[in-house]
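Chemist: Sequence and predicted structure, then a few things I'm wondering about:
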Amino acid sequence: MSADGPPTRPFSGISWTPAQRRTMVAALDLIGTNGVSGTSLQMIADAVGVTKAAVYFQFKTKNEIVIAVTANELAVLEDALIAAEALRDGPQARKVLLNRVIDLAVTRRRWVSTLTNDPVIVRLLGEHEPFRVFISRLYAVLLADRSDDDVVARVSAAVLSAAIAGAVVNPLVSDLDDDTLRATLIQLTQRMLDLPQ
């Protein structure tokens, strides 16, 4: 949250042109299937039905497309994060945000797998300041009052992230429908965070 203004929305405030949106939709599907390294600009152009030059006109590099796709996906969490940051009731704030994070992870299972396991994405997002700030805000709410130690807080955030991401892509649950997986994952993570059921 901004210290002297309204809550920041680093992702939903971005205006994408219709052509950029079409490119991002195609890239999301291809990267989710093939990873960043396995997806070429030509593949994206072919999926959109345009030339490679038309894709370059929308985005200068494939890395820009990856960041744009990720920003677009994370934009759906911004309202939940801002609402959770505004709540005075810490456990309720954590539940609201946790439910939204899990909902996104469950509905975007394939993307979550790519997002957390693709080394290019991990590197790009680790270097992208708006992403790092957003994730810090997210875990500040989810892990509130868990530790004053920065190392413990960061490791706790990594464990929670890995638990959610690992659960939604694990082959043991691939046959579960979204509603069943979502409800079970919410129940288990709330217990893990000592939140009231």
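Modeler: Sure, I can see it.
Chemist: Take stretch 9-27, keep the C-alpha atoms, and write them as CSV.
Modeler: Listed next in CSV are the C-alpha coordinates belonging to stretch 9-27 (Å, rounded to 0.1, in the frame of the first residue of the first chain):
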residue,chain,number,x,y,z
ARG,A,9,-2.6,-1.6,-8.3
PRO,A,10,0.6,-2.4,-10.2
PHE,A,11,-1.1,-4.8,-12.6
SER,A,12,-4.8,-4.0,-13.1
GLY,A,13,-3.9,-0.4,-13.9
ILE,A,14,-2.1,-1.5,-17.1
SER,A,15,-4.0,-0.8,-20.3
TRP,A,16,-3.5,-3.5,-23.0
THR,A,17,-4.6,-3.0,-26.6
PRO,A,18,-6.9,-5.6,-28.1
ALA,A,19,-4.0,-6.9,-30.2
GLN,A,20,-1.7,-7.2,-27.1
ARG,A,21,-4.5,-9.1,-25.3
ARG,A,22,-4.8,-11.5,-28.2
THR,A,23,-1.1,-12.0,-28.1
MET,A,24,-1.1,-12.6,-24.3
VAL,A,25,-3.9,-15.1,-24.5
ALA,A,26,-2.1,-17.1,-27.1
ALA,A,27,1.2,-16.8,-25.2
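Chemist: What mean pLDDT does it get?
Modeler: What stretch 9-27 shows for mean pLDDT is 90.
Chemist: can you check stretch 37-55 too?
Modeler: 96.
Chemist: can you offset everything so residue one is 92?
Modeler: Sounds good: first residue 92 from here, last item stretch 128-146.
Chemist: Where does pLDDT dip in the protein?
Modeler: 92-98, 236-241 (pLDDT under 70).
Chemist: does the spatially most central residue of it sit in a helix or strand, and which one?
Modeler: In the chain, the residue lying closest to the centroid (CA atoms, centre = their mean) is residue 165, at 4.6 Å. In the assignment (DSSP states H and E), residue 165 maps to helix 153-177.
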